[in-house]
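# Make a model of this:
(one chain, ligands or ions: 2)
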Amino acid sequence: MSKKHNLYFLVLMLIATFIIFGDNIFTYKRSKQVAEDTSRLQLLGIGVSLEAIIQQRGVSDLKNEQVFQKIVSEGRWEGVAFIVLYDDKHTILLHSNQNLIGRKLKETSLESQVIVDDITYGYLTLGTLERVFVMDMQIHSLSEKLTLRVATHTHEINRIIEFARVKILAMTVVLIILWSFYFIIWRYTKNAEQLQEKIARQEKLAAIGQMSAILAHEIRNPIGSIKGFAQYMLESDAMKDEEALNIIIKESKRIENLVEELLYYSKPIDVKVERFYINELIEEVVNIYSSDRTKFILKNHLKKTISSDRDKLKQVFINIINNAIEAMQYQGSIEISIFDHNEGAVVTIKDFGCGIDKELKEKIFTPFFTTKAKGTGLGLAIVKNIIDALNCEISFKSEKDKGTEFTILIRDIGDEHKGF
Ligand SMILES: Nc1ncnc2c1ncn2[C@@H]1O[C@H](COP(=O)(O)OP(=O)(O)OP(=O)(O)O)[C@@H](O)[C@H]1O
Ligand SMILES: [Mg+2]
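Ligands and ions are numbered 1, 2, ... in the order given. Take a look at the predicted model:
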């Protein structure tokens, strides 16, 4: 699957997630509303019937005949929990539980109240911790201001809400499965891409390697003669133009250096694993620069042994430090830290030099890419080769005119991987 397809798939997944979640929230809210509406209608029906009975027969008659108690105990209206009639001082005049008549009503205010046409609906939590749906209705035509309260069990409302919850849960599980699939496919695609990149890189390296071998062979011999000749003239005092001769030597050395780097780059990397202290290796590298003006700050200097190719890693650190020194124009300080890592150790090398332009960041590991008048552009290409051969990882952060920090994860490749 290409990157474009991947993006389409991701957009599709996001839309699906959005629709499913939106639908679930809507269904949940709607179910609750429908369930409450149904209960409200039922309560209203009961309320109106009871109002008529109260007006017809009067409070004392109903009390004597225990009408409210009978309605509830005989289950005349399904789901009714209790019925109560109370006055404006909250004194209970009628109750489905005869024992409570004459007492004061404890709870008067309802939770999640809704008022429709002067009738209040809401929830009440009873002493038994049961939550009931309640309607408070004024009985108008009597001389006293009385309120009729009818409460129903919330089993039906709960059942509908529970069903909506189960649906949401099921949909969430479906979404998790879908996203897991997406993640697996994404990982698989990424791995395939990385493999392709690696193959392309290896092919490129093989071609460059061939070219380098030829180039090195062609340049090496004549350069050797020039250098030897110039050195001979300088030492034997045969010529007086020392400055010109020095230039010949310097330039020859530069080409010799290029040839060495080309050869180093073109050769397949022969990994020699040994166990060593990473902190000692860093100290050894830093010592190479002891006569330089650059200051080295070993910030987090962890002492740890590692199994890897010591010499190759030394080359990696030297190439990165050379660049750092050049970026700071041979002055300033370089911070080096060693951190622990479950797979080995992490080394960071930070300079405060010129930094790398945004558009050049992708190119710095490409062979022969350089921004320096006298650079070969092979320093970091060699670094990358070694890093790949040693199963390590390299990354960097850089900000223009602020500096650059390289991070190298050195994997312990273990003694059993000697032939790695
Ligand atoms: N620490 C750094 N700060 C700023 N730029 C950097 C840094 N490291 C690398 N670069 C950039 O990456 C380019 C490539 O680096 P690389 O080491 O491969 O080659 P070079 O230093 O130019 O030449 P060589 O190392 O072969 O002498 C550099 O020319 C430079 O532009
Ligand atoms: Mg370099």
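
# switch to C-alpha atoms for all contacts and neighbour counts from now on
Noted.

# Check what pLDDT the residue located most distally from the centre of the chain gets.
Distance from the centre of the chain peaks at Asp61, with 72.0 Å (Cα atoms, centre = their mean). pLDDT for Asp61: 89.

# cool, and Lys240?
Value for Lys240, per-residue pLDDT: 59.

# Also Leu178?
The model's pLDDT for Leu178 equals 88.

# Equivalent analysis for Gly228, please.
pLDDT, read off for Gly228, is 76.

# Return the distance of the host helix or strand of it from the chain's centre.
Taking DSSP states H and E as the definition, Gly228 sits inside helix 155-236. Distance of helix 155-236 from the chain centroid (Cα atoms, centre = their mean, to the nearest Å) equals 20 Å.

# ok and the next helix-or-strand element following that helix relative to helix 155-236, angle-wise?
Using DSSP H and E, the helix or strand that follows helix 155-236 in sequence is helix 242-266. Calculated by axes from the mean of the first three to the mean of the last three Cα atoms, to 10 degrees, helix 242-266 forms an angle of 140 degrees with helix 155-236.

# So which residues of the chain form helices?
3-57, 59-64, 67-73, 155-236, 242-266, 278-288, 310-327, 379-389 (DSSP state H).

# which secondary structure elements does the longest one contact?
Counting by 3 or more Cα pairs under 8 Å, 6 or more residues apart in numbering; DSSP states H and E, the packing neighbours recorded for helix 155-236 are helix 3-57, helix 242-266.

# can you rerun that using 10 Å?
helix 3-57, strand 131-139, helix 242-266, helix 379-389 (3 or more Cα pairs under 10 Å, 6 or more residues apart in numbering; DSSP states H and E).

# and among the ones you listed, the most buried is which?
strand 131-139 (a mean of 22; mean count of other Cα atoms under 10 Å).

# Which neighbours in the sheet does that one have, and how are they oriented?
strand 119-125 (antiparallel), strand 146-153 (antiparallel) (DSSP bridges).

# Ok, which of the ones you listed comes nearest Ile278?
Closest approach to Ile278 among the strands paired with strand 131-139 (Cα to Cα): strand 119-125, 68.2 Å.

# contacts for that closest one?
36, 39-40, 43-44, 47, 107-115, 130-138, 147-152, 154 (Cα atoms under 10 Å, 6 or more residues apart in numbering).

# Recalculate using a threshold of 7 Å.
110-115, 131-137 (Cα atoms under 7 Å, 6 or more residues apart in numbering).

# Name the nearest of those residues relative to Glu256.
Ser112 (86.7 Å).

# so who does the closest one touch?
Gly122, Tyr123.

# From ligand 2, how far off is it?
72 Å (Cα to the ion, to the nearest Å).

# quick thing: my sequence starts at 33, can you match it?
Right, with 33 as the first residue, what we last looked at is Ser144.

# Report pLDDT for that residue.
82.

# and the spatially closest residue to Thr184 that is not a sequence neighbour, how many neighbours?
Nearest non-adjacent residue to Thr184, counting by Cα to Cα, 6 or more residues apart in numbering: Val112, 4.3 Å away. Val112 has 22 neighbouring residues, counting by other Cα atoms under 10 Å.

# Likewise for Gln347?
16.

# So for it, what's the nearest residue that isn't a sequence neighbour?
With sequence-adjacent residues excluded and distances taken as Cα to Cα, 6+ apart, Gln347 is closest to Val415, at 7.5 Å.

# so Ala183 makes contact with Val112?
Yes: Ala183 is within contact range of Val112, at 5.9 Å (criterion: Cα atoms under 7 Å).

# Identify whichever of the strands paired with strand 163-171 lies nearest to ligand 1.
Distance to ligand 1, taken as Cα to the nearest ligand atom, is lowest for strand 151-157 among those, at 69.0 Å.

# can you state the direction angle for that closest one and helix 35-89?
Using the same axes, to 10 degrees: strand 151-157 against helix 35-89 is 110 degrees.

# Any idea how many residues pack against the closest residue to ligand 1 within the stretch 83-232 of the chain?
Ranked by Cα to the nearest ligand atom, the top residue of the stretch 83-232 of the chain for proximity to ligand 1 is Lys230, at 19.1 Å. A count of neighbours around Lys230, defined by other Cα under 10 Å, yields 13.

# Ala196 contacts Tyr60, doesn't it?
Yes: using Cα under 7 Å, Ala196 makes contact with Tyr60 at a distance of 5.4 Å.

# Would you mind naming what in the chain lies close to ligand 2?
Contact residues (Cα under 5 Å from the ion) of the chain with ligand 2: Asn355, Gly411.

# Student question: in the chain, what's the helix or strand with minimum average pLDDT?
helix 274-298 (a mean of 77; mean pLDDT, DSSP states H and E).

# Between helix 411-421 and that helix, find me the angle.
Using the same axes, to 10 degrees: helix 274-298 against helix 411-421 is 30 degrees.

# what residue ranges in the stretch 133-282 of the chain are flagged as low confidence?
Scanning the stretch 133-282 of the chain for pLDDT under 70 picks out the ranges 139-140, 173-174, 239, 242-243, 245-247, 249-250, 253-254, 269-273, 276.

# ok and the residue in it nearest ligand 1?
Closest point on the stretch 133-282 of the chain to ligand 1, by Cα to the nearest ligand atom, is Ser244, at 14.0 Å.

# Roughly how far does the closest residue to that residue other than its chain neighbours sit from Thr204?
Nearest non-adjacent residue to Ser244, counting by Cα to Cα, 6+ apart: Leu294, 5.6 Å away. Using Cα to Cα, to the nearest Å, Leu294 is found at 58 Å from Thr204.

# Perfect, that will be all.
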